[in-house]
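Participant: Below is the sequence, then the predicted model.
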Amino acid sequence: MTAQPKLCPCQSGREYDACCQPRHTGKTPAETPEALMRSRYCAFTLALWPYLIATHHKAHLNGLTETMLAEGPQTQWLGLDVIASDSVKDSGSVTFKAWYKDGQGVDAIFEQSQFIREDGLWFYTTGEQFTAQLPGRNDACICKSGKKFKKCCGK
């Protein structure tokens, strides 16, 4: 596990210990599909593989293990944009872009994720992938630094 951040990597604007950390430690379950998705994104940034497996519905793991997640490839996570989220009773969805940088450059996981609630707990099930468009050179940076993309993550 990496060093504990002060601000939560899920970009809620809250401190980690008051945002995703209680979910990661099992003290507080995610109240909504969006809260679970944010905590899962945060877990990816912090390499919390057990949490990712525990919050992935068992019927949809398809053989995924902590070891497989740890093997990588590891990416540098840059930012999260939640586009839409909703839930009705025990199912929900969240559409988001999770921006990252790897050896190929900057890209995003642009997905509409599906979630179900069982025994009061939300679980990730599946996701439909879309193609993300990179920000323009003069657009605000995806990491929320306040700089232009070309002067920050777009370098």
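Facilitator: Nice, thanks for sending it over.

Participant: For the spatially most central residue of the chain, what is the enclosing helix or strand?
Facilitator: Centroid-nearest residue in the chain, with Cα atoms, centre = their mean: Y41, separated by 1.9 Å. Per DSSP states H and E: Y41 is located in helix 33-46.

Participant: Name the residues that touch that helix?
Facilitator: Residues outside helix 33-46 that contact it (Cβ atoms under 8 Å, 6 or more residues apart in numbering): 1-2, 5, 8-10, 12, 16, 19-20, 23-24, 30, 48-49, 51-52, 55, 77, 80, 82, 85-87, 92-94, 96, 98, 113, 115, 122-124. For the C-beta atoms, the positions are set from N, CA and C on the backbone; glycine is no exception.

Participant: now those residues: which count as buried?
Facilitator: By neighbour count, with 16 or more other Cβ atoms under 10 Å, the contacts of helix 33-46 hold 8-10, 12, 16, 19-20, 23-24, 30, 48-49, 51-52, 55, 77, 80, 82, 85, 87, 92-94, 96, 98, 113, 115, 122-124 as buried.

Participant: How about the secondary structure of the nearest residue to T28 once chain neighbours are set aside?
Facilitator: Spatial nearest neighbour of T28, chain neighbours left out: P22 (3.9 Å); criterion: Cβ to Cβ, 6 or more residues apart in numbering. Counting by DSSP: H, G, I helix; E, B strand; the rest coil, the backbone at P22 sits in helix.

Participant: what about P22, distance to Q76?
Facilitator: Separation of P22 from Q76 (Cβ to Cβ, to the nearest Å): 26 Å.

Participant: Which one of those two is surrounded by more residues?
Facilitator: Using other Cβ atoms under 10 Å as the criterion, P22 and Q76 rank with P22 on top: 15 against 12.

Participant: Show me what the lowest-mean-pLDDT helix or strand in the chain is packed against.
Facilitator: In the chain, no helix or strand scores lower on mean pLDDT, DSSP states H and E than helix 66-71, which sits at a mean of 93. Packing contacts for helix 66-71, counted by 3 or more Cβ pairs under 8 Å, 6 or more residues apart in numbering; DSSP states H and E, involve helix 49-54.

Participant: So what touches the helix it packs on?
Facilitator: Contacts to helix 49-54, defined as Cβ under 8 Å, 6+ apart, come from residues R23, H24, S39, R40, A43, F44, L61, L64, T65, E66, L69, A70.
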